[in-house]
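sequence and predicted structure, then a few things I'm wondering about:
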Amino acid sequence: MAGQLSIAKALNEALRKSLENDPKTLLMGEDIGKLGGVFRITDGLQKDFGEGRVIDTPLAESGIMGTAIGLALRGYRPVVEIQFDGFVYPAFDQIVSQLAKMHARALGHVKMPVTVRIPYAGGIGAVEHHSESHEAYFAHTAGLRVVTPSNAHDAHWMLRQAIESDDPVIFLEPKRRYWDKGEVGDAADLGLHDARIVRPGTDATLIAYGPMVKVCLEAAAAAEEDGRRLEVVDLRSLSPVDFTTLEESVKRTGRAVVVHEAPVFLGMGAELAARITERCFYHLEAPVLRVGGYHAPYPPSRVEESFLPDLDRVLDAVDRALAY
C-alpha cells in the first residue's frame, strides 16, 4: 500500500479494501456506481464488486440514509456518500433522530455501523450548497463520531477505521484537497480519534482540521522566516476531541489560535477555545483566538477567496496572540 497517492485515490483504495475484507460492506449514493462519483472517489468499484454492493441510488438523501439504517439493523455495514455537503440536510432528520440515537434507544443491544462520507468546505469555485462547512451540527449531536482527514495517509486509514467502527461515523472529506498527493503508509499510526502534531513549535499552537491544516502549515513556514516557531496540530477528530494532545501543546507554547472554514460564531473553535481556557488557564499568555469564515451565507464563487481564511488572516491572529 505504501506510496504516493492523492487523497481521492487513497479514499478509493480504502473503499476497495473494505469491500474486499467484509462481504457485509456496501456502498450507496448518487452516481457512485457507473459514473464513479462526481469526484471519482468510487471509480471502478461497481465494475469490480457489482451493482449489489456499489449501489446507485435515487436523488433522495433521506431515503438513502433511512435505507442505510435499515441495512445496519440487518447486519450490514453501509457506507453512504452524500454527493455535496449542502445536500445532507434532507437526511439530517434521519441522521440526528435515528442514526445517532438507535444504539442508546436499544440500551446498547443494536449497533449502527454506518459511515456517512460527505465532501465538505469550499475552495473549488462552486455555489453555496457545494461549499459549506457544517461540522458543528454533527459534532454537537451525541451518538455520532465525526472525523476529517487532511492528507492522503489519514484519508486512507481513517476511512478504513471508520468503516470498521460499530458506531455511526460522519466522515468529512476536504474536497479542495482531493488532488493533493502524499505518502500512504502500510498501517494506521494513530487511533481514529487521536490528534496529530504535524509541525512542532514553541511560540504558539495553531489548531486546525481538514482543509485548513495545509493553510496553517504554510503560515507556520512563513512565520519561521521571522523567527517564530509555530506548532501545528491536526485535530483529525471533531467528536470526540483529543483534548489531551491539545492541552499538552498549549501548555508548552502558552498561546493558541484555532482555524476553521466554518463561521466563527458557534463553530468548533468556540468549544475548543472554551475547553483550552478551562484546562490551560494558568499557562496561557494570551486569549485563545479564532480564525474562520464570516457569519453569512456562503458567497458566490468569484468572492469566496475573500470569505475563506487564508495565510494572512492566520498570521494576523498569531501577531495578535504574540502581542499580549
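Nice, thanks for sending it over.

wait, what's in contact with the nearest residue to Ser62 once chain neighbours are set aside?
Excluding the flanking residues, the one nearest Ser62 by C-beta to C-beta, 6 or more residues apart in numbering is Pro90, at 4.8 Å. In short, each C-beta sits where N, CA and C put it, glycine included. Counting by C-beta atoms under 8 Å, 6 or more residues apart in numbering, Pro90 touches 60-62.

and Pro90, helix, strand or coil?
State at Pro90, reduced to three classes by DSSP: H, G, I helix; E, B strand; the rest coil: helix.

adjust the sequence numbering to begin at 898 for everything that follows.
With 898 as the first residue, the last one maps to Pro987.

from Thr939, how far out is it?
Counting by C-beta to C-beta, to the nearest Å, the gap from Pro987 to Thr939 is 21 Å.

neighbours of Glu1025, how many?
Neighbourhood size, Glu1025 [other C-beta atoms under 10 Å]: 15.

test my guess that it contacts Gly983.
Yes: the pair Glu1025 and Gly983 qualifies as a contact (C-beta atoms under 8 Å) at a distance of 6.4 Å.

spell out the residue ranges of the helices in this structure.
Assigned by DSSP state H, the chain shows helices spanning 904-918, 942-946, 958-970, 986-990, 999-1002, 1032-1036, 1049-1061, 1109-1121, 1140-1150, 1165-1177, 1201-1204, 1208-1220.

before we move on, back to that, would you show me how to pick out the buried ones of the contacts of Pro987 in PyMOL?
Buried subset of the contacts of Pro987, written as a PyMOL selection, criterion 16 or more other C-beta atoms under 10 Å:
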select buried, resi 958
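
quick check: closest non-adjacent residue to Gly1151.
Nearest residue to Gly1151, sequence neighbours excluded (C-beta to C-beta, 6+ apart): Glu1182, at 3.9 Å.

got a pLDDT number for the one you found?
Per-residue confidence for Glu1182 comes out at a pLDDT of 97.

could you do Met898 as well?
So, for Met898, pLDDT stands at 60.

what of Met1009?
pLDDT at Met1009 comes out at 97.

and if you look at the one 4 residues further on?
Reported pLDDT at Val1013 in the predicted model: 98.

so it is in contact with Val1066, correct?
Yes: under the criterion of C-beta under 8 Å, Val1013 makes contact with Val1066 at 7.0 Å.

of the contacts of Pro987, closest to Tyr1191?
Glu958 (27.0 Å; C-beta to C-beta).

quick one, what contacts the closest one?
Listed by C-beta under 8 Å, 6+ apart, the contact set of Glu958 reads 979, 984-988.

quick one, phi psi at the most centrally placed residue in the chain?
The structure's the chain has its C-alpha centroid closest to Thr1045; by C-alpha atoms, centre = their mean the separation is 2.0 Å. When read as degrees, to the nearest 10, the backbone of Thr1045 gives phi -150, psi 120.

how many neighbours does Phe989 have?
When counting by other C-beta under 10 Å, one arrives at 16 neighbours for Phe989.

oops, could you answer that again for Arg913 instead?
15.

Val1044 against Pro1137, yeah?
No: applying C-beta under 8 Å as the test, Val1044 and Pro1137 come out as separate, 9.8 Å apart.

what touches both of those two?
Residues touching both Val1044 and Pro1137 (C-beta under 8 Å, 6+ apart): His1090.

of these two, who's got more company?
A count of neighbours by other C-beta under 10 Å puts Val1044 above the other of Val1044 and Pro1137, at 26 against 12.

okay, and the beta partners of that one?
Counting by DSSP bridges, Val1044 forms beta bridges with Phe1068, Ser1134.

show me what contacts it?
Counting by C-beta under 8 Å, 6+ apart, the residues that Val1044 touches are 1055, 1059, 1066-1069, 1089-1090, 1133-1135.

pipe the residues you listed into JSON lines and attach pLDDT, distance to Gly1190 and neighbour count per row.
Output for the contacts of Val1044, formatted as JSON lines (pLDDT from 0 to 100; distance: C-beta to C-beta, whole Å; neighbours: other C-beta atoms under 10 Å):
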{"residue": "Met1055", "pLDDT": "98", "distance to Gly1190": "24", "neighbour count": "26"}
{"residue": "Ala1059", "pLDDT": "98", "distance to Gly1190": "26", "neighbour count": "25"}
{"residue": "Val1066", "pLDDT": "98", "distance to Gly1190": "24", "neighbour count": "28"}
{"residue": "Ile1067", "pLDDT": "98", "distance to Gly1190": "19", "neighbour count": "29"}
{"residue": "Phe1068", "pLDDT": "98", "distance to Gly1190": "21", "neighbour count": "25"}
{"residue": "Leu1069", "pLDDT": "98", "distance to Gly1190": "15", "neighbour count": "26"}
{"residue": "Leu1089", "pLDDT": "98", "distance to Gly1190": "26", "neighbour count": "21"}
{"residue": "His1090", "pLDDT": "98", "distance to Gly1190": "25", "neighbour count": "18"}
{"residue": "Arg1133", "pLDDT": "98", "distance to Gly1190": "20", "neighbour count": "26"}
{"residue": "Ser1134", "pLDDT": "98", "distance to Gly1190": "21", "neighbour count": "22"}
{"residue": "Leu1135", "pLDDT": "98", "distance to Gly1190": "16", "neighbour count": "25"}
